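J.: How does the following fold in three dimensions:
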Amino acid sequence: MSRSISASLPGMMLRFIRCISNVPENTVYGGPKPQSPNHRITLAQLHLKHHKSLPITVATAYDYPSAVHLDMAGIDICLVGDSAAMVVHGHDTTLPVSVDDMLVHCRSVARGANRSLLVGDLPFGSYESSTNKVPFPLSFLSLVL
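T.: Next up, the predicted model:
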């Protein structure tokens, strides 16, 4: 009896080792996957959820691993915030982050989040044409909200 258990032990160990692998099966290691716009959450889908009084989930991600986790959790909107200046880069404020820094974070998140609608912050001061001109009219903001 002990001989049959020891004979099947290597097979059981191989299955166990495979189950605890740190490389998920469906990642970039399996090769790039084509993105389909049908798989992404759209504004129309969010609008429909709002009218049905269904919850809309939003979370922040700054890098690929965080985006993968948000995507697996089924988060509707993934925000890439300029708070990455403080959270990732260690600054005291969001002012030092540049548009180029934000693009690096946005690209990383876009590779990891295949389902969520991606929203990227523009760094402070990167979108004003002058100090006395408002970047968006208030009527635009009411349409978005």
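J.: what about this structure, any weak spots by pLDDT?
T.: Residue ranges of the chain with pLDDT under 70: 1-38, 128-145.
J.: all helices for it, in order.
T.: Secondary structure of the chain by DSSP state H: the helices cover 2-19, 43-51, 64-73, 84-87, 99-112, 138-144.
J.: And Arg115, how close does it get to Ser98?
T.: 28 Å (C-beta to C-beta, to the nearest Å). (Glycine included, C-beta is placed from N, CA and C.)
J.: Those two - which one has more neighbours?
T.: Of the pair Arg115 and Ser98, Arg115 is the one with more neighbours under other C-beta atoms under 10 Å, namely 15 against 12.
J.: Isn't the more buried one up against His39?
T.: Yes: if you go by C-beta atoms under 8 Å, Arg115 and His39 touch, sitting 5.9 Å apart.
J.: which residues do these two both contact?
T.: Contact with both Arg115 and His39 is made by no residue, according to C-beta atoms under 8 Å, 6 or more residues apart in numbering.
J.: What is the neighbour count of the closest residue to Ser98 other than its chain neighbours?
T.: Nearest residue to Ser98, sequence neighbours excluded (C-beta to C-beta, 6 or more residues apart in numbering): Pro123, at 6.1 Å. Other residues within reach of Pro123, judged by other C-beta under 10 Å, total 18.
J.: Could you do Thr94 as well?
T.: By other C-beta under 10 Å, 17 other residues sit near Thr94.
J.: residue contacts, it?
T.: Thr94 is in contact with 82-83, 85-86, 123-124, counting by C-beta under 8 Å, 6+ apart.
J.: Repeat that for Ala61.
T.: By C-beta under 8 Å, 6+ apart, the neighbours of Ala61 are 67, 69-70, 78-80, 109, 112-113.
J.: for Pro65, same thing?
T.: Here Pro65 is in contact with Gly112 (C-beta under 8 Å, 6+ apart).
J.: For Val119, see how far away Leu43 is.
T.: Leu43 is 11 Å from Val119, by C-beta to C-beta.
J.: out of these two, which sits in the more crowded spot?
T.: Higher neighbour count among Leu43 and Val119: Val119, with 14 against 9, using other C-beta under 10 Å.
J.: Hmm, Asp76 and that one touching each other?
T.: No: counting by C-beta under 8 Å, Asp76 is not a contact partner of Val119; they are 10.6 Å apart.
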